[in-house]
Every structure is written in C-alpha cells, then in structure tokens.
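1. Provided below are the primary sequence and the corresponding predicted coordinates.
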Amino acid sequence: MIWNEKMECATRDEMKAIQSERLVETVKRIYHNVAYYRDKMQQAGLTPFDIEGVEDLHKLPFTTKSDLRDNYPFGLFTVPMSEIVRLHASSGTTGKPTVVGYTRKDINMWSEVVTRSLCMAGVHKNDIVQIAYGYGLFTGGLGIHYGTENLGASVIPISGGNTQKQIQLMQDFNSSVLCCTPSYALYISDVLNEAGIDPETLNLRVGIFGAEPWSEAMRKEIERKLKLRAIDIYGLSEIVGPGVSCECEYQQGMHVHEDHFIPEIIDPVTLEPVADGEVGELVFSTITKEGIPLLRYRTRDLTRLIYDKCSCGRTLVRMEKCKGRSDDMLIIRGVNVFPSQIETVLLEMSETEPHYLLIVDRENTLDTLSLMVEVQEQFFSDEVRKLQDLRKQITHKLESTLGLTVDVKLVEPKTIERTAGKAKRVIDKRNI
Amino acid sequence: MLIKQISVFLENKSGRLNEVSQILGDAGINISAFSVADTSEFGILRLIVSDPDKASNVLHESGFTVRESNVVGLNCPNQAGALARALKILSRNEISIEYLYAFSMGNSASVIIKPNDTERCIEVLQKNKLELIKASDLYKI
C-alpha cells in the first residue's frame, strides 16, 4: 500500500514545485528567527530573496554537527520553547549531545514519514509490531512508535535488550514485524537458535532494521535466520530520526521523503555537487520542520541517489545503502562514537596526550568496542590495585560519555603502531 | 633507611622479562631482589638493583614504563614467628602493607615492604628495635 500517493508518486515537476515552495518559506523563517543562520547567510552575501526555488539551494551555506554543538542546546530552534513538545539528543563529538526539538506539527510530520516507510516495507494495520529500538533520548524507539500507531498497527513498545523477553513476546503475542538494529536482529536469531526455537514457528514477516550500517550479505543472513523480509530504514536525529528514507518491498534503495527532506550529494572535499548518480556525501535540507529546520545539513554518510522510477510505483528518489563516512564517526550498536570523545576522556585523566587504539569488532553478531591505552609514566603505579582502579575509572568514564561498555586494555608504550609520527586511532574489524 | 625500588609495567607476553634483565645486565646493573605482580592482563615487575637511577634511565630509554618508589627493607631472624612479630607491630600501629616480598638465607631473612606510609613504617620498626636494611647494603647484595 502507498500511504500518501499524491506525494510519493508525484511527477518530478510536481515534486520540484512542492520543494521550491517549502524551501523558500523555510529559508525565510530561519533567516528571521535564528541569528546564527542570518549571520551565516549575510556572510555569504545572501538574503531570503536570493532563494527562489530548489535551483538556488546550492547557494546556501552548509550546516554541520559543530554548528549544532556551538549553539547547544537550543540555539538553532526557530520557535519558542512553548511550541516544543519533545526533545531528543544524540551523542556529539565532544561529549556534548546534539539536541533536536519537535513541535506538535513536527511530530505529526515524523509520524507521517514513518507510516509511509512502514507501508513501503509492507506493514499494514493488522500487523503486531515489536519495537526493539531503544526508547528515550535516542530517536529510534519513539520515532517508529508514533508512526506505527499512526498506521493503526498494534505496537509492542518493548524497547531494546532483554532478549529472552523479546522472544517470549514474539511467541505469545504473535509479533509479525520486528524493528531493531540489524546486529540485534542477528543476535536474536542466535538466541533463538540456542534455545532450539524454529523461527518458522514464529509469526515474523517483516523486519525494519536501521540505525547502523549493514551489508547485503548481512541482510541475506538475517532473512535466512529469522524467516522474514529485512527492510533497511535510514534516518538521523538532526533531520528527524528514523524514516528520512526507507526501502520498499523491492529492496532497491531507500525512498527519500523528499517533500520534507531535499537530498543532495556533494563532494566532501570540494563541497561541490557531484554528477547525477555519483557517490558522495549526503546532504539534507528539511523543508517542513518547525522546531529545528536545518539547511544543507552534512550527514557525512556516503551514498548516491537514484532518480529512476521504482517498480513499486513510487517516484520518490532512492538512496543506496550508505557506503561509509566522510568523517571518523563510528556507529556501534546504533550509538554514534567519535574517537575524539575517547581522547577527551583520556585527556581528563592525564596531562599529556595519551596513545590509544580503538578496536571495533563484531562478536556473536554484536558490535564490541575495545580500547588499548598505553601506560605511560603518569598513569603507572607499582601497585596492582591502582592500575586496576585506573582501568575501571577509564571504563566507567567511557561508559557514561558514550553509553557503551568498552573493554579497556592497558598496554606497554609503543605497542600502538605509529605511522608517520601519528598513531592510527581506529581499527574496524567488522565486515559490514 | 628508604630503599629505592624501580617498577616496570609489563604486558603479559613472552620475552619481556628476559628483555628487562638483558638491558640491566648490559648496563652493568646487578639485581638484588625482584618480584612480579601479575593479573590476567598485565604484570608489574619490581626490582631492587645496584644503581636504581641508572636502571630507571636505561629502561626508560628502551621504551619501558618505569617508576621509582620507596620501600622499606627489614632484616628478620630466620626463625619461626619472626615475620609474624614484625607484621603484628605494623598492624597494631595501623600501617597497612600494599605488598611485600622476601627471601631468607643463612641466619637471616630480608623482607621488602611497601607500606601505605613509608616514613611511619620505618619509625615504628626502629622504635620496636627491629633491624632495618640499609639501602647501600641492599644494593650491594
């Protein structure tokens, strides 16, 4: 089923007209309400009159995560707090989270795009949807939740973790749709296997998986092990959360809800738009959001856009699965991790720059993060207890900063390889 | 009466201990006593050597994490109950021991103690007429 045929099947010209109208209105609103944006536009020699339609989009300055950080927490909101009905946050580069606020209309828009996404995935109102994304500041749980209710399907708001319970409810409530990170889906399949439960005895039909990168191979594995159709959903809190784009049943790229979010692909070095169909960094402009509309927000995700009409009948542009990042952000179990956050924690504990190496791996389908820290003289003690305390302290600090458990290993100096004077900070052993 | 001990951080991998002793040997430094504290992930090597400052330098230059700390040397009679008596005195004076290592030979036993408070430990031991080992004697062993 196509939830909003008018928008999802519009001709290119129709879509362009919708986008232009909304963009012009958004630029005006931002310019008049946010001093930061106004300054930025003035520095670029722009006034709202210079933006007459999507063809002028490229003139606008980019927005980055650091703009959000510099205006922490509410500096980029275009409405007073009395209009904001919800706040979400994701981890930022320096320990301070990236905060986003939603008006009631924003929540409705978000629900709409998630509902459309669920329909793309083949979910309908008779489905029982088990939402195993985390609920809370993370947009995953609540984002899918509202969209599922809006569709009229039955929600099981179980949140993440507690795998035994997840399986029990799948069995007892006949869940037909599972929403979680792809790595957690694989983990659930392993636990099912260990418990001797045949997935054929479950009622699962569709899986909506996102919040971390995953490969086609992983999709095949999940589909085989859980006996469902695995659908990729994309989103980031800065734009709205999950539901910025989603695959349809043909699984040939994710349809972007471009009547709300205009995608562009740029060269991350020259910042110029790339030729049609080329891979580059994905940039979004939100054109209907009220709380915190963002113009030309650099996602740092690398992908390409496909404008051909899809077999499902939708004309919404599709984006390919993301091929990587143009920065050093890691996504581990759905959590954004920047090496600089780890550096900050280590720097708080010693005067000099620590040498460390992050190792990301996937064990039993779940991502693991371990950290090797070179024990330099300012850390070192002749007492075992003090070194073990140090290790615990680093572990706790990292856990509270990142929201992830990190396995900390103390190693001798010069253990970590230096290349041209600079140490390599991250080894990602996952086969994504 | 303070004795300089040097400690070296070691990962649990083969050949490291050998490397440390080789470096010290090549520098003409003699080891009087040493102990290894190990956990599942790492080890701490503690050494009493003929020239602590030089040892610390050569190990540091070879890329090891080295630290100097002060310990107390106690000379005990090599007989039953002698160590217990000394430890009892420390405990009664509320001096706790982070770690100790010892060896006995002939009529006496040498105990290296890392107390929580080195100065007070020496004071208490002296007050109770226990024999302390002089640093210069220990480095020469």
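-> Right, received. Where do you want to start? Numbers count the residues shown, from 1 in each chain, chains lettered A, B, ... in the order given.

2. how about the residues of chain B near chain A?
-> For chain B, the contact set with chain A under C-beta under 8 Å from any C-beta of the partner chain comprises B:5, B:7, B:9-11, B:16, B:37, B:39, B:41-42, B:44, B:46, B:60, B:63-67, B:69, B:98-99, B:114. Yep, even glycine has a C-beta here, placed from its N, CA and C like the rest.

3. please redo it, this time with the cut-off set to 10 Å
-> Contact residues (C-beta under 10 Å from any C-beta of the partner chain) of chain B with chain A: B:5-11, B:13, B:16, B:37-39, B:41-46, B:60, B:62-69, B:71, B:98-99, B:114, B:116.

4. Of those, keep whichever come out buried.
-> Among those, those classed as buried by 16 or more other C-beta atoms under 10 Å in any protein chain shown are B:5-10, B:16, B:37, B:42-46, B:60, B:64-67, B:69, B:71, B:98-99, B:114.

5. quick one, longest strand in chain B?
-> With secondary structure taken from DSSP state E, chain B has its longest strand at strand B:66-77.

6. Give the pairing partners of it; include direction for each.
-> strand B:2-11 (antiparallel), strand B:108-115 (antiparallel), strand B:131-132 (antiparallel) (DSSP bridges).

7. quick one: it to chain centroid distance?
-> 4 Å (C-alpha atoms, centre = their mean, to the nearest Å).

8. what's the following helix or strand after that strand?
-> Downstream of strand B:66-77, the first helix or strand assigned by DSSP states H and E is helix B:82-92.

9. for that next one, packing partners?
-> strand B:66-77, strand B:97-105, strand B:108-115, helix B:118-127 (3 or more C-beta pairs under 10 Å, 6 or more residues apart in numbering or on different chains; DSSP states H and E).

10. quick one, it and strand B:66-77 angle?
-> Relative orientation of helix B:82-92 versus strand B:66-77 (axes from the mean of the first three to the mean of the last three C-alpha atoms, to 10 degrees): 120 degrees.

11. Can you tell me what sits against helix B:82-92?
-> With contact meaning C-beta atoms under 10 Å, 6 or more residues apart in numbering or on different chains, helix B:82-92 is reached by B:72, B:74-77, B:81, B:95-97, B:100, B:102, B:104, B:108-109, B:111, B:113, B:115, B:120-121, B:124-125, B:127-131.

12. Leaving out chain neighbours, which residue sits closest to the residue in chain A positioned nearest to chain B?
-> Of all residues in chain A, A:Asp382 sits closest to chain B, at 3.6 Å by C-beta to the nearest C-beta. Take A:Asp382 and drop its neighbours on the chain: the residue closest to it by C-beta to C-beta, 6 or more residues apart in numbering or on different chains is B:Ser7, 3.6 Å away.

13. Can you go through the contacts of helix B:82-92 and name the buried ones?
-> B:72, B:74-76, B:95, B:100, B:109, B:111, B:113, B:115, B:121, B:124-125, B:130.

14. pLDDT for the residues you listed - can I get that in a markdown table?
-> Compiled in a markdown table, these are given as follows (pLDDT from 0 to 100):
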| residue | pLDDT |
| --- | --- |
| B:Val72 | 94 |
| B:Leu74 | 93 |
| B:Asn75 | 91 |
| B:Cys76 | 89 |
| B:Ile95 | 94 |
| B:Leu100 | 93 |
| B:Ala109 | 87 |
| B:Val111 | 91 |
| B:Ile113 | 92 |
| B:Pro115 | 92 |
| B:Cys121 | 94 |
| B:Val124 | 93 |
| B:Leu125 | 93 |
| B:Leu130 | 91 |
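
15. Including distance to A:Ser154, could the residues you listed go into TSV?
-> As requested, these are arranged in TSV below (distance: C-beta to C-beta, whole Å):
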residue	distance to A:Ser154
B:Val72	72
B:Leu74	75
B:Asn75	80
B:Cys76	77
B:Ile95	68
B:Leu100	67
B:Ala109	77
B:Val111	72
B:Ile113	69
B:Pro115	67
B:Cys121	70
B:Val124	74
B:Leu125	76
B:Leu130	78
